[in-house]
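**Student:** From the sequence below, what's the structure:
(chains A and B)
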Amino acid sequence: MNSTNWQDLTDSDLIKACVPNNEEAFAILYQRYEKRVFQYLMTIMNEAPLAEETLVEVMLAIWKCLNTFQGQSKVSTWIFGIAHHKAVDALRKVTRQQRGGMPLEDIVETAESNENPLEDTQQKRMATLTNQALTTLSPDHREILHMAFYEELSYPEIAELLGIPVNTVKTRVYYAKQQLKKHLQHQGVTEEII
Amino acid sequence: MESEQPLHTEATLLPAYVSRKLTPEEHQHVEHHLKSCPTCQQELQEVKTMQTALKTAIQKRPGPSPATFDKVMSRIHQEIRTAPKAIRKGIETSWWESIESAFRSLFEIPWVPALASFLIVGQAVLLLSVLGGPDGQVGPRQGPIIERGIPQGTPAVPIIKIQVEFIETAQEIQIRSLVQELGGQIVNGPTKEGLYILGFVQKETDSPESLLSALHTHPDLIKTAKPLQP
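**Tutor:** Here you go, the predicted model:
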């Protein structure tokens, strides 16, 4: 089977293809989830070097656990579950350390540009303000907003990967959204966003 | 601290409603509720705009550096190569890798290297003894008289010693073969003059003369031969 075929496989079938130590198939899986996992880690960690370091750990953990995937949950849920545990471990390790790096609110990518310069400027401003507001939230709230609003995972999926009841997911999403709204209002962007 | 309790439980379902992740029953229920609840309608708008803002913000962040991919794949490649064969199952290996793997697995048993070393030393000793003959020496004989064969001193059994001069063209192997054929051993030699002293354990039928006669039956090798006094 060549790499073109692997690109066509579903995530679940790709994992099966990876199991007999198939590096090429795993590279495809890696590329599918690399940015999503990294952005999830960035949302929680707010520091690119730490997020990249943790991304390596997540991907290696996925590689080592490939044969444990039973197909009972979605591949994305399984992968984000691993990422969640690795992120918690990494944050524990750096809790007492002064974390440097570029603040989340300042790292809006400048490379992407919109055909409409005015719209592009507005989007960048909105992105910067939202990222700034995100940094003021607790890691739990940032994480659950990322899962519910960005990844659009269902509540039972979030509950599964975080190991919490579905009702807790519902209320946590609600409160996290309220907190984000509050911080955006403090930044004086109520008219623009809310 | 959590604050601002939702007025309606439906409000907590709105993000999943927007993402269409509710069950059909839940979706229908929320839809029905929204028709008659201005508060949740406003909440729905907030959720929608907040989701758009979050998506834009996250999408505009840079991705990981390409070096991360290289790092992961490099570590995976290394792990596969260093993993035991049982873990590497599924990898197609060449016949040479299979043999190498089999030998590697042998040497994972702690006592095998020691046994292998012992066998190598044993084989080396055996090889030296075969090549060097009973005196344990290898190669042509040169230099002063070398003590070998029957030890010096008073023998427990009578020894007949004969000094032999072999012809110049006689090969070491021919000399050894002849001495062995006659049941003797090289006691000393060769000297600088090319003389050998052969020793023969004296049997009932042996005498210096009979041995000399036997030696002289090989004129192609023996130039002179004379008995030495015991």
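
**Student:** got the contact list for residue A:32?
**Tutor:** A:11, A:14 (Cβ atoms under 8 Å, 6 or more residues apart in numbering or on different chains). Quick note: C-beta positions are derived from backbone N, CA and C, even for glycine.

**Student:** Please apply the same query to residue B:122.
**Tutor:** Neighbouring residues of residue B:122 by Cβ under 8 Å, 6+ apart: there are none.

**Student:** Which of the helices or strands spans it?
**Tutor:** helix B:111-132 (DSSP states H and E).

**Student:** Point out where chain A drops to low pLDDT.
**Tutor:** Along chain A, the model assigns pLDDT under 70 to residues A:1-4, A:95-120, A:190-194.

**Student:** per-domain residue ranges of it.
**Tutor:** What automatic domain parsing lists as the domains of chain A is A:1-98, A:115-194.

**Student:** now chain B
**Tutor:** Per the record, chain B has its domains at B:9-59, B:67-106, B:159-227, by automatic domain parsing.

**Student:** neighbours around the residue in chain A positioned nearest to chain B, how many?
**Tutor:** In chain A, no residue comes nearer to chain B than residue A:20, which is 2.8 Å away by Cβ to the nearest Cβ. Close neighbours of residue A:20, defined as other Cβ atoms under 10 Å in any protein chain shown, add up to 14.

**Student:** Ok, residue A:5 next?
**Tutor:** Neighbours of residue A:5 using other Cβ under 10 Å come to 12.

**Student:** and if you look at residue B:113?
**Tutor:** 12.

**Student:** now do the one 10 residues further on
**Tutor:** Look at residue B:123: counted by other Cβ under 10 Å, it has 10 neighbours.

**Student:** rewinding a little: the domains of chain A into CSV, with extra columns for distance to residue B:209?
**Tutor:** CSV is the format used below for the domains of chain A (distance: least, Cβ to Cβ, whole Å):
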stretch, distance to residue B:209
domain A:1-98, 83
domain A:115-194, 107
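
**Student:** quick check, residue A:153 in a helix?
**Tutor:** No. Looking at residue A:153 with DSSP: H, G, I helix; E, B strand; the rest coil, it is coil, so not inside a helix.

**Student:** Check the contact between it and residue A:79; I expect there is one.
**Tutor:** No. Between residue A:153 and residue A:79 there is no contact under Cβ atoms under 8 Å: 11.3 Å.

**Student:** circling back: could you look up the SS state of the residue of chain A closest to chain B?
**Tutor:** On the basis of three-state DSSP, residue A:20 is classed as coil.

**Student:** how far away is it from residue A:66?
**Tutor:** Shown here: residue A:20 relative to residue A:66, a distance of 9 Å by Cβ to Cβ, to the nearest Å.

**Student:** cool, residue B:227 as well?
**Tutor:** Counting by Cβ to Cβ, the gap from residue B:227 to residue A:66 is 88 Å.

**Student:** Which one of these two is surrounded by more residues?
**Tutor:** More neighbours surround residue A:66 than the other of residue B:227 and residue A:66, with 20 against 14 (other Cβ under 10 Å).

**Student:** For the residue of chain A closest to chain B, give me phi and psi.
**Tutor:** Note on residue A:20: its backbone torsions stand at phi -80, psi 50 [degrees, to the nearest 10].

**Student:** Check the burial of residue 174 by counting its neighbours.
**Tutor:** Since no chain was named, I'll use chain A. Residues within reach of residue A:174, counting by other Cβ under 10 Å, total 24.

**Student:** Switch to chain B, please.
**Tutor:** For residue B:174, the count of nearby residues is 15 (other Cβ under 10 Å).

**Student:** same check, this time on residue B:219
**Tutor:** Using other Cβ under 10 Å, residue B:219 is surrounded by 9 other residues.

**Student:** On the three-state scheme, it is what?
**Tutor:** The assignment at residue B:219 comes out as coil when based on three-state DSSP.

**Student:** Give me the phi and psi angles of it.
**Tutor:** Phi and psi for residue B:219, reported as degrees, to the nearest 10, are phi -70, psi -20.

**Student:** Check it and give its pLDDT.
**Tutor:** Among the per-residue scores, residue B:219 holds a pLDDT of 78.
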